[in-house]
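K.L.:
below are the sequence and a predicted model for it; my questions follow.
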Amino acid sequence: MCATLEGAAVALACLSGREAADAPSCPERCTMPEPSWLTEQPGTAHLPIWSRFIVGEMLPEVASPLGWTLLWEPCAALGWRDALINRFGFDETEINADFPETIRGRGGHAYVNASTLKVLAHRSPQLHEGHIDRLLGGELGPVPVHRHEEWHDPDPVTAAMLDQWYRWVLDSRNQVELENLGEAVDRTLASALDLESMSDTELVNAVVALQPLTRSLFDQQLNQLLATTVGPMLINEFCNSVGQPAHALRLLSGIGRIEPVSPTLALWELSRLVRTSPGLRSLFDQGLDRLDKALRLSNQTEAKALIAGVNALVAEVGHRGPNEWDLASPTWDEAHDIVLALIRCMYHCDDSLAPQLRRRHLETDRQRLVAEIAETLPEERRPVFRSAVASSAVFLRGRETCRNHLMRLVHRMRQLIGELGVRGERRGDFGSADEIWMLTAEEVEYYADGGLADTRHLAGLRRAEHDVVRTRELPNVIDDTGNDNRAAIGLQHGYGLPLSTDLEPGDIILGSPGSPGMASGTARVIETDADLAEVRPGEIIVLDQPSLVATALFVAAGAVITDIGGPFTHAVVVARELGTPMVVGAAGASHRITTGMTINVDGLTGVVSCEETLADEVRVPSPNVA
């Protein structure tokens, strides 16, 4: 058996708790065996705390072996290392060059090193641990207290770098670097792919050629991510100082020009076309089965207009998808049914819920609050307050723009490797084209060169191993000093709460405020993106973690509740732009709430409660205005 096959067989045996028929005995200690596609990595006792927050929203599921070894290890982990050294003053020797203490696979899942970020905050004259705690987990599920060591203290050069960065975030509106990266992505993707003319080796080489730019964008991603904490933290302090803490979230709503809101606006317009056409409504009301085909065969003028609109939308955002940070994830350009399902949900919404109207209302409210709060502050503090408001808008937009640039590059990688998988299936090397994602980056290079034997067997073993890893329930926080934080921090799906305890009338779940507003309605628990097709206007969407598909439907929801997440996550930004109340970090909500319950949501306080009876009428919130 070749070394690659043997490694996969041993890993599968260890992970499943049994010995594979063709595998050697498992090692004596298999307390948390790593999957075969993860390289053995050095310990991190000097930076011991690893967190699922932030990266858990990006990779809610176990990444494919190829996605991890082609994208996350060489681009994400190293890109973040670049940012720590070049932007935030870390010494080269403080962050491992081969296995950086930034992002790693632990037990198959992605984790961010929280200790590294807390060292950064400790060294900064203006940042503090609270910034990082809120970034990592919101107000619930704090990361363990940072244990100070002498080497964490900044030298004068590092302190000066961090001070300069902070002043840039607060005072400058300069996003030239991000704009230049966007132009580089445009140039890189300007030429249409001619996949059929490329050899197997050329396909792989084209992916490898995308890695440096992708790495630079991950560097920029950490820059934008940390920058988004500065303005909101100051806004919170200013609002508290004038006795109006509830205004902080409203000052972060209705910012405008947020990248991921664009698909929602386009979907809304397409849903209006269905709503005003009896012929289209008839087709949609028959269900999603064969709907795409029926629309394309229809002679109705409205059907042709709808298909043209769907095609235009997919051409613009076809690189996005439900688990888009993984190369193996399907995207919108492969699944028109997802787009039609979202339109089907939205067309039931009344015109009064139009996102454009809600956003204008939110923007007006935001501008009024800025003027009111500035008027109550001492004159010398007003410029800092206005800078904090402006900075928040700049970097919330910037973070989402950077994400979109990254997704475009990731999708080009997906197209190139996907073609290799199609060829492999045609040649009989794989049982199906998607088995290509079960290889590692090194194995794909060997395969393209004709040097990898028995790929079908290897892919089968690796898929079985991947399926076992997906069933693991790991803690949100891992402490490499050996401390068990499960009791304090909790498991991935509920911070240690008894998940079998259903929510009873009168019970409450306390989460973190996400998007302001109040709503009461019937709960709709979403376990897979397919469940979104059943959402009706005004229902309370309850999720473990939101996907891109789910955020597109926030406009139709009465409110949104998520098990985990913090105030700066992608989904929260979208909810605020659409005026949809949202509570995040509501531990165990998706397990304790069942579809059909009547739920009250207060996005301003983070309180979720259960009513005695089902509501006769769902109350859909309008934008929250004092």
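P.N.:
That came in fine, so what should we check first? Numbers count the residues shown, from 1 in each chain.

K.L.:
C-alpha only now, for contacts and for neighbours.
P.N.:
Fine.

K.L.:
beyond the helix or strand of the chain with the lowest mean pLDDT, next helix or strand please.
P.N.:
The weakest-scoring helix or strand in the chain, judged by mean pLDDT, DSSP states H and E, is helix 486-489 (a mean of 41). The C-terminal neighbour of helix 486-489 among helices and strands, as given by DSSP states H and E, is strand 508-510.

K.L.:
with only the CA atoms kept, save the helix or strand following that following strand in CSV.
P.N.:
Next helix or strand after strand 508-510 toward the C-terminus (DSSP H and E): strand 512-515. Taking C-alpha atoms only, strand 512-515 is exported to CSV below (Å, rounded to 0.1, in the frame of the first residue of the first chain):
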residue,chain,number,x,y,z
SER,A,512,-25.9,39.2,22.2
PRO,A,513,-27.5,42.2,20.4
GLY,A,514,-26.9,42.0,16.7
SER,A,515,-29.4,44.2,14.8
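
K.L.:
my guess is A77 contacts A97, does it?
P.N.:
No. Contact criterion CA atoms under 8 Å: A77 and A97 do not qualify, at 10.0 Å.

K.L.:
between those two, who's got more neighbours?
P.N.:
Taking other CA atoms under 10 Å, A77 and A97 do not tie; A77 has more neighbours (23 against 13).

K.L.:
list the contacts of the more buried one.
P.N.:
When contacts are counted by CA atoms under 8 Å, 6 or more residues apart in numbering, A77 touches F99, P100, E101, T102, I103, R104.

K.L.:
mind checking which of those residues are in strands?
P.N.:
I103, R104 (DSSP state E).

K.L.:
those helices in the stretch 201-350 of the chain, which residues are they?
P.N.:
247-250, 261-275, 278-285, 291-297, 301-317, 336-346 (DSSP state H, counting those that start in this stretch).

K.L.:
export the ones you listed as CSV, with columns for distance to G585.
P.N.:
Listed next are the helices of the stretch 201-350 of the chain as CSV, based on distance: least, CA to CA, whole Å:
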stretch, distance to G585
helix 247-250, 16
helix 261-275, 22
helix 278-285, 35
helix 291-297, 37
helix 301-317, 29
helix 336-346, 25
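
K.L.:
so for V477, which of the ones you listed sits nearest?
P.N.:
helix 247-250 (27.2 Å; CA to CA).

K.L.:
list the contacts of that closest one.
P.N.:
With CA under 8 Å, 6+ apart as the criterion, helix 247-250 contacts P232, I235, N236, C239, L362, D365, R366, L369, G514, S515, P516, L604.

K.L.:
just the buried residues of the contacts of A77.
P.N.:
F99, P100, E101, T102, I103, R104 (16 or more other CA atoms under 10 Å).

K.L.:
closest one of those to D351?
P.N.:
I103 (44.0 Å).

K.L.:
residues contacting that closest one?
P.N.:
E73, A76, A77, W80, A110, Y111, V112, N113.

K.L.:
now, which of those residues sits nearest G421?
P.N.:
Using CA to CA, the contacts of I103 come closest to G421 at E73, 21.4 Å.

K.L.:
for E379, see how far away that closest one is.
P.N.:
49 Å (CA to CA, to the nearest Å).

K.L.:
neighbour count winner among those two?
P.N.:
Higher neighbour count among E73 and E379: E73, with 21 against 9, using other CA under 10 Å.

K.L.:
look up how far Q220 lies from the closest residue to that one other than its chain neighbours.
P.N.:
In space, and not counting its chain neighbours, E73 is closest to R104: 7.4 Å by CA to CA, 6 or more residues apart in numbering. As judged by CA to CA, R104 and Q220 stand 18 Å apart.

K.L.:
next one: M346
P.N.:
For M346 relative to Q220 (CA to CA), the value is 35 Å.

K.L.:
of the two, who's got more company?
P.N.:
When M346 and Q220 are compared for neighbours, M346 comes out ahead with 31 against 23, by other CA under 10 Å.
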